[in-house]
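# build the 3D model from these lines:
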Amino acid sequence: MTDQQRPASSQVTQAQQATRAYPHPIAPGFADFFAGLADHRLRVRLCTRCSAIQWPPRLWCANCGGDDFGGADIDGRGVVHTFTVVHRGFDAWFSSRVPYGIVVADLGRGIRLTGNYLGDDLERLRCGLPVRARYETMDGRTYLGWAPAQMAWHTPGRTS
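This is a model prediction of the structure:
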């Protein structure tokens, strides 16, 4: 029996039981980034030789060729560079959540990060919209999301 043939109640049950995708294993260059998410911080690589931010993480610094990196916390405010609104869930976890927005936020300094749109109104989503980082923790994993910068966020247990 295909999903289209199953009763709607069966599809919702499958979606509720499904697990949200999360990278595993996490590549070493991204370990600090995901550890930062768990602490509700945006953390990127910083070259210890020239202090250039490296995003996405690279083996060698794009500025000086150095190969030693530390971490740097960055501000979670930016603007929507591009976005899409998803109307069809191709994964069981997302099926019951359509429609939803996916945002690529431009934080400046060459850093663009992707996350779910956590605003209340998809109609408001547009390029150039000021956004701020918000964090969703589910099943012990923290995900990056974006909410309008001027939006007050008061949903207990969902984000911060």
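
# phi first, then psi, for residue 59.
When read as degrees, to the nearest 10, the backbone of residue 59 gives phi -70, psi -30.

# quick one: it from residue 65, how far?
Using CB to CB, to the nearest Å, one gets 10 Å for the distance from residue 59 to residue 65. For glycine as for every other residue, the C-beta is placed from the backbone atoms N, C-alpha and C.

# could you do residue 97 as well?
Between residue 97 and residue 65 the computed distance is 44 Å (CB to CB).

# so which of these two has more stuff around it?
residue 97 (13 against 10; other CB atoms under 10 Å).

# is the closest residue to the more buried one other than its chain neighbours in a helix, a strand, or coil?
Spatial nearest neighbour of residue 97, chain neighbours left out: residue 89 (6.7 Å); criterion: CB to CB, 6 or more residues apart in numbering. Assigned with DSSP: H, G, I helix; E, B strand; the rest coil, residue 89 falls in the coil class.

# residue 20 is in contact with residue 89, correct?
No - counting by CB atoms under 8 Å, residue 89 does not reach residue 20; the two are 11.7 Å apart.

# who has more neighbours out of these two?
Per other CB under 10 Å, whichever of residue 89 and residue 20 has more neighbours is residue 89, with 18 against 14.

# can you tell me how far that one is from residue 98?
From residue 89 across to residue 98, the span is 5 Å (CB to CB).

# please name the residues that touch the nearest residue to residue 75 once chain neighbours are set aside.
Spatial nearest neighbour of residue 75, excluding adjacent residues (CB to CB, 6+ apart): residue 107 at 7.0 Å. When contacts are counted by CB atoms under 8 Å, 6 or more residues apart in numbering, residue 107 touches 42, 74-78, 113.

# do the same with residue 106
So residue 106 contacts 78-81, 112 (CB under 8 Å, 6+ apart).

# then it would be within a strand, right?
Yes - counting by three-state DSSP, residue 106 is part of a strand.

# how about the strands in the protein?
42-47, 53-54, 69-74, 77-86, 100-108, 111-117, 130-138, 141-148 (DSSP state E).

# run the chain-centre distance for the last one.
Mean-position distance between strand 141-148 and its chain equals 5 Å (CA atoms, centre = their mean, to the nearest Å).

# and that strand, what does it pack against?
helix 31-38, strand 111-117, strand 130-138 (3 or more CB pairs under 8 Å, 6 or more residues apart in numbering; DSSP states H and E).
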